[in-house]
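Trainee: Next come a sequence and a model predicted from it.
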Amino acid sequence: MTTTTLAVLVPLLPFLGAAAGLLLGRTAPGFVRPLAVLPTLAALVLAAIVAVRQGGDDSVDAATELTPTGSIPIELALHIDGFAALVAVLVGLVATCVQIYSTGYLREDPRYPSYAALVSLFTSAMLLVVYSGDLIVLLVGWEVMGICSYFLVGHYWETPEARAASIKAFLVTKLGDVPFLIGLFAVATDAGSFRITQVLAAVAHGGLDHPTLVALLLLAGVAGKSAQFPLHTWLPDAMAGPTPVSALIHAATMVAAGVYFVARLLPVFEASAAAMIVLAAMAAVTMVGSGLAALAQDDIKRVLAYSTIGQLGYMAGALAVGDRGAAVFHLLSHGAFKALLFLAAGVIIHAAGTNSLAAMSRMSHLRDRVPDAYWTMTVALLALAAIPPFSGFFSKESVLGAAEHVTAGHTEHAPGAAGWIILVAGLIAALLTAAYATRLWLLAFRGRGIEAPDHGRQPLTMTVVLWVLAVPSLVLGGLAYRTLPDWFDGNDLAPTLTTSVLGTGVALAGGLFTYAAWRHLAGFAARVPLGAVAAHPEGDAAQVEAEAIATHAPAYGDVASAPDPADPGRLLLGPLHRHAAVGFHLDAVYQALFVRPVQAGASLVRFLDREVVDTYVRGAGALPRWLGIAVRRAQTGNLQTYVSALLAGTVVLAVAALLVASGA
């Protein structure tokens, strides 16, 4: 079987599995789980075979015209280079793990058949984006992922949080997709084709007439899909969906699509220095802002959501300095350890028996109750914090090294300012990442919150998947930076001494500061019961600290029943904590700038329609009705009345005729 045929089957198999799952979900429920797992597993195997055959050499290209358009043709095209081959393997691996995990996590869910089918469709759409060689076909996968995310985030539609989150995710991403679609048509018009290879050839020969405009339009869609500032606000709220869906969205599909798209068409963005600066600024704000917000979150899934936003900022930063190899390297590494983090968080939530106990400040004694989640999440958090030799260290250092390379003026693909922006922001983000990763580990596994009821051991399908993902989280970076350059344009991905020392140093500092703050607060909370706060002398520094601790749980009477008071995030952030906890009020800004004006406009239109337009319509109908009433009253049915009216009319006409005649 040819490589092209295998590549066609990779997105097709999950699609067929989704269709079969929807058809047989009610009539043959015993087939639901095999139809969820086996097609996705087969797609993973075929994607791995395609990657081995492609081998990082010349791309695999094939195309057939989809339909005559009369102008720019739309083609069902494949374009599989080293980037596409490896990203497809990541998508297949994470999707397979999510499907296997979900058989245990949602084993009692009555809507599991539709859920599994949507996950398969989600996977198929992302694989279509990865392999597609035509921008319109890529757009189809792009939009199918959007509607799948809407349904999956709103899986628990009985809860208002899930309904609101699904609508918000759909609307915010569509807000970016409108200029994205315009940008696709603009780039195709300049290049004369939707084929990616022809677009890149046109860019190489200076064929883009408005590169800055095109790049900025495309970046709007990328910002929405990959949750970059300022269109990132939908992703933390999307945690209302099932935890396996969060793993799929954050690790290998939806949010990865935007980064992958920029990597695919990077020369289009490099054609405009202004666009590269905008991309660098967007990535820098995203990295730092999401790190601060993650340090203030209490829900474990929201911490991981803001973490994803920040790590996507690293990928966007690598693209802003013109190194798509570093961006996709971090995409692969991040996909493994972020899927592991979410699935391990799901084990913790499953052990508690309810999503409501995802608050880290209320976790207690989980290390011994979920040992698999404890050890694998520790590996994933070390990878997230970029501590050597875990995979995140190598991929994150490749991003910082690329930024340093640009600051030294060793490349013409990106402006030097972009390099400095990404380097400084990346180091600050490394400090914050280690801080919130350490805080998560301390509060989740060494917390002093409520002892949740023990719901027994988790299904084997959930715990095995954790260990499968722990392997790439531990060793992928060390193996990949030596072998991936052949797949990624030959760029060196090895860590550089300067950024390795700086990055690891700030990461260790962030972890140590957080641990010291936790020890300080934990020791104080152990000595001073919350109920005894008022006993401290006025003006005593300890009183101020105790009151700060008490604000964590004003409704609880004692430490044993209160959320864990030893939260280092509040101490480290100080007065910034309350702003970071709500995402720096960006939702409130959008509410004031967009939601309220739209609602006011809708109210005005409704008033005009009801009070003005409807008044004219009602008036137009009232006049004939009144005339009809008058005429109806004249129809009495009395013959004498009719004869009298006839005679009176005759007299009137005669008099009128005489007057006219005399006047003439």
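Mentor: Yes, it's here. Numbers count the residues shown, from 1 in each chain.
Trainee: drop to CA atoms for contacts and neighbour counts, all remaining ones
Mentor: Noted.
Trainee: ok, now how distant is Ala622 from Val612?
Mentor: Separation of Ala622 from Val612 (C-alpha to C-alpha, to the nearest Å): 15 Å.
Trainee: Ok, Ala580 next?
Mentor: For Ala580, the distance to Val612 - C-alpha to C-alpha - is 46 Å.
Trainee: Give me the more crowded residue out of these two.
Mentor: A direct count of neighbours by other C-alpha atoms under 10 Å for Ala580 and Val612 places Ala580 higher, at 20 against 12.
Trainee: and that one, what helix or strand is that in?
Mentor: Assigning secondary structure by DSSP states H and E places Ala580 in helix 577-581.
Trainee: From the contact counts, what lies against that helix?
Mentor: On a contact count with 3 or more C-alpha pairs under 8 Å, 6 or more residues apart in numbering; DSSP states H and E, helix 577-581 meets helix 273-296.
Trainee: elements contacting the following helix or strand past the helix it packs on?
Mentor: The first helix or strand that comes after helix 273-296 along the chain, using DSSP H and E, is helix 300-320. Applying 3+ C-alpha pairs under 8 Å, 6+ apart, one finds that helix 300-320 makes contact with helix 234-237, helix 254-264, helix 273-296, helix 324-352, helix 391-407, helix 416-445.
Trainee: May I see the ones you listed arranged in TSV, with distance to Gly505 and mean pLDDT as well?
Mentor: Formatted as TSV, these follow (distance: least, C-alpha to C-alpha, whole Å; pLDDT from 0 to 100):
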stretch	distance to Gly505	mean pLDDT
helix 234-237	29	93
helix 254-264	28	94
helix 273-296	17	96
helix 324-352	20	91
helix 391-407	12	94
helix 416-445	9	95
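Trainee: Tell me which of those helices lies nearest to Leu639.
Mentor: Leu639 lies closest, by C-alpha to C-alpha, to one member of the helices and strands packed on helix 300-320: helix 234-237, at 78.9 Å.
Trainee: What lies in contact with that closest one?
Mentor: With contact meaning C-alpha atoms under 8 Å, 6 or more residues apart in numbering, helix 234-237 is reached by 165, 168-169, 172, 227, 301-302, 305-306, 309.
Trainee: Which two of the residues you listed have the greatest separation?
Mentor: Greatest spatial distance among the contacts of helix 234-237 (C-alpha to C-alpha): Val172 and Lys301, at 20.0 Å.
Trainee: If you count surrounding residues, which of these two has more?
Mentor: Of the pair Val172 and Lys301, Lys301 is the one with more neighbours under other C-alpha under 10 Å, namely 28 against 20.
Trainee: Next up, the contacts around that one.
Mentor: For Lys301, the contacting residues are 236, 239, 342, 345, 358, by C-alpha under 8 Å, 6+ apart.
Trainee: Now for those residues, which sits with the most neighbours around it?
Mentor: Ranked by neighbour count (other C-alpha under 10 Å), those have Phe342 at the top, with 26 neighbours.
Trainee: Just give the closest residue to it, not the sequence neighbours.
Mentor: Ala247 (5.2 Å; C-alpha to C-alpha, 6 or more residues apart in numbering).
Trainee: quick one: that neighbour from Ala507, how far?
Mentor: 24 Å.
Trainee: neighbour-wise, which of the two wins?
Mentor: The residue with more neighbours, out of Ala247 and Ala507, is Ala247; 31 against 24, by other C-alpha under 10 Å.
Trainee: what sits against the more buried one?
Mentor: 98, 338-343.
Trainee: switch to 10 Å and redo it
Mentor: Applying C-alpha atoms under 10 Å, 6 or more residues apart in numbering to Ala247 gives the contacts 94-95, 97-98, 239, 253, 301, 304-305, 335-346.
Trainee: repeat for Arg625
Mentor: Counted by C-alpha under 10 Å, 6+ apart, Arg625 has contacts 619, 631.
Trainee: Report pLDDT for it.
Mentor: Per-residue pLDDT puts Arg625 at 80.
Trainee: Now do it against Ile196, distance only.
Mentor: 66 Å.
Trainee: What of Ser364?
Mentor: Ser364 is 52 Å from Ile196, by C-alpha to C-alpha.
Trainee: One more: Ala165?
Mentor: 34 Å.
Trainee: got it, and Gln54?
Mentor: Relative to Ile196, Gln54 is positioned 18 Å away (C-alpha to C-alpha).
Trainee: same deal with Ser644?
Mentor: For Ser644, the distance to Ile196 (C-alpha to C-alpha) stands at 90 Å.
Trainee: can you check Ala359 too?
Mentor: 45 Å.
Trainee: cool, and Gln599?
Mentor: Distance of Gln599 to Ile196, computed by C-alpha to C-alpha: 41 Å.
Trainee: Which one's more surrounded, the two?
Mentor: Ile196 (21 against 11).
Trainee: Can you give me the separation between the more buried one and Ala63?
Mentor: 11 Å.
Trainee: anything in contact with each of the two?
Mentor: 77-79, 132-134.
Trainee: pretty sure Ser124 contacts Thr96?
Mentor: No: counting by C-alpha atoms under 10 Å, Ser124 sits too far from Thr96 to count as a contact (11.9 Å).
Trainee: Who has more neighbours out of the two?
Mentor: Set Ser124 next to Thr96 and count neighbours by other C-alpha under 10 Å: Ser124 wins out with 30 against 26.
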